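K.L.:
coords please:
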Amino acid sequence: MENKLHNIIRNHISIPEDEISRNNQILASVLPKIIDSMKKKDPLFKAMYRRTFYGGSYYDGLKVGKPEEFDLDLLLDVPKYAEPELLSSGYPGFVKVRVNKYHAWMKQPEATPSYEKFAKLFDSQCNLNTEKTLAWMEGLVQKSLNDFQNERVAPQITFSKSGPALTLHVSESNKKIMDIDLVPCFVFGSDKWPKGFRSNPVPSKPEFFIVPKRPNNCKKQEQSHHWRLSFQEQERELISDKMMLKPTVKLLKIMRDMYEDRWMASYYIKTVFLHLCDQKNEQFWKSSLTHVFKTTLRDYKDVVKNGKIPYYWNENNNLIANISNNCIENFTNRLERLLQELEKNPENVESCLRKKCATKLQQVYFFFSFQ
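P.N.:
Residues are numbered from 1 along each chain as shown. Modelled structure (predicted):
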């Protein structure tokens, strides 16, 4: 089983080096030009822009499939002299942001004219407004792209939006190369670490982000007040240097895709493993891939069976609270059958599973054959 699992990683999940190199080169040529254009077009963006964080499964080392989707966070600063304050939003995992002394700060000599437009991102109570922030960024990205396209150089870039992401669709000769999701985030340091959340387990990474995304089922009149917290830098550190963790996550994601369980977001799987990092010692992750895979597959099944994947940073937030009991039951039953077959018939698992599964599911079980 060990050799077969490693072959899956090597042959079915590993990303071709030539595609990685090509896409990284294109990304490196496109992104700086767009950000420089954004700085030139908007003094507020130039004053607030801190850096770009390269996030998502690709940069976490958890990507399966081709390297054609990139998640990038544009990190912005709120001036500390304006005294931003993170407030409870009433929804676990989310906060509101109030800028307490913006108007007083703007009267001081250290306040530059660049920040005059910042007030347009507030509501009447000086709360940062997600809809206004996204509208501001959308307009700025579109203007910058117009300049890029006017140069009439490859590659070609079109633009769309989905949730908090502003997506750049990059193509050459009308063939898609990649999508780049740009998400505007505000970045805060350890002095603003939110109350009621897990304390920072990675002191060397003191910063966290807030994302303009509202919680599910929030009241309509509150939709623009909520910001989702993001601890991506800490999460990346927590899952690093654990030898068989990332290969196992990739195997579970491949299974998820084959089963077409689209409700099981990649972040839900990652969250299960963040909790497992607390529960398992370092030696466990150095075990064989077979042992780590079978053990964590069982843990994964038990967690989902209970209908609760607690958000790692605030366990009052159940990430799958809105998933139907029927979906959860079907999902856990499939995993249970797979576990039983792996235990009973490892030498003949492909033929055993084919007798019991629909044609679509045979694609998953093929990976676990031992012919």
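K.L.:
Buried residues, the longest helix seen in the chain. List them.
P.N.:
Criterion DSSP state H: the longest helix present in the chain is helix 17-41. Buried residues in helix 17-41, counted by 16 or more other Cβ atoms under 10 Å: 23, 26-27, 30-31, 34-35, 37-38, 41. All C-beta atoms are positioned from the backbone trio N, CA, C, and that covers glycine.
K.L.:
For it, which outside residues touch it?
P.N.:
45-46, 49, 52, 66-68, 70, 72, 74, 140-141, 143-145, 147-148, 155, 157, 168, 170, 177-178, 180 (Cβ atoms under 8 Å, 6 or more residues apart in numbering).
K.L.:
Out of those residues, which sit inside helices?
P.N.:
Among these, the members falling in helices (DSSP H) are 45-46, 140-141, 143-145, 147-148.
K.L.:
What segments of the stretch 201-350 of the chain are helices?
P.N.:
Ranges of helices within the stretch 201-350 of the chain are 232-238, 245-259, 266-279, 282-285, 289-305, 325-344, 349-354, based on DSSP state H, counting those that start in this stretch.
K.L.:
I'd like a version of those in TSV, one that adds mean neighbour count as further columns.
P.N.:
Below are the helices of the stretch 201-350 of the chain laid out as TSV (neighbours: other Cβ atoms under 10 Å):
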stretch	mean neighbour count
helix 232-238	19
helix 245-259	20
helix 266-279	18
helix 282-285	14
helix 289-305	18
helix 325-344	15
helix 349-354	17
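K.L.:
could I get the ones you listed as JSON lines with distance to S114?
P.N.:
Listed next are the helices of the stretch 201-350 of the chain as JSON lines, based on distance: least, Cβ to Cβ, whole Å:
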{"stretch": "helix 232-238", "distance to S114": "27"}
{"stretch": "helix 245-259", "distance to S114": "42"}
{"stretch": "helix 266-279", "distance to S114": "35"}
{"stretch": "helix 282-285", "distance to S114": "47"}
{"stretch": "helix 289-305", "distance to S114": "47"}
{"stretch": "helix 325-344", "distance to S114": "49"}
{"stretch": "helix 349-354", "distance to S114": "62"}
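K.L.:
For E116, find the nearest of the ones you listed.
P.N.:
Proximity to E116, assessed across those by Cβ to Cβ, is greatest for helix 232-238 (31.2 Å).
K.L.:
Give me the packing partners of the closest one, helices and strands only.
P.N.:
Judged by 3 or more Cβ pairs under 8 Å, 6 or more residues apart in numbering; DSSP states H and E, helix 232-238 is in contact with strand 49-55, helix 56-60, strand 208-211, helix 266-279.
K.L.:
weakest of those by average pLDDT?
P.N.:
Mean pLDDT per stretch puts helix 56-60 lowest among these, at a mean of 92.
K.L.:
Only the buried residues of it, if you could.
P.N.:
For helix 56-60, by 16+ other Cβ under 10 Å, it's 56-58, 60.
K.L.:
One more: stretch 63-77?
P.N.:
By neighbour count on 16+ other Cβ under 10 Å, the buried set for stretch 63-77 is 63-64, 67-76.
K.L.:
pLDDT-wise, what's the bottom of the residues you listed?
P.N.:
Out of the buried residues of stretch 63-77, that is P67, at 78.
K.L.:
which residues does it contact?
P.N.:
By Cβ under 8 Å, 6+ apart, the neighbours of P67 are 15, 19-20, 23, 58, 178.
K.L.:
try 7 Å this time
P.N.:
15, 19-20, 23, 58 (Cβ atoms under 7 Å, 6 or more residues apart in numbering).
K.L.:
Closest one of those to Q340?
P.N.:
I15 (32.4 Å).
K.L.:
per-residue confidence averaged over stretch 307-314?
P.N.:
Average pLDDT, stretch 307-314: 95.
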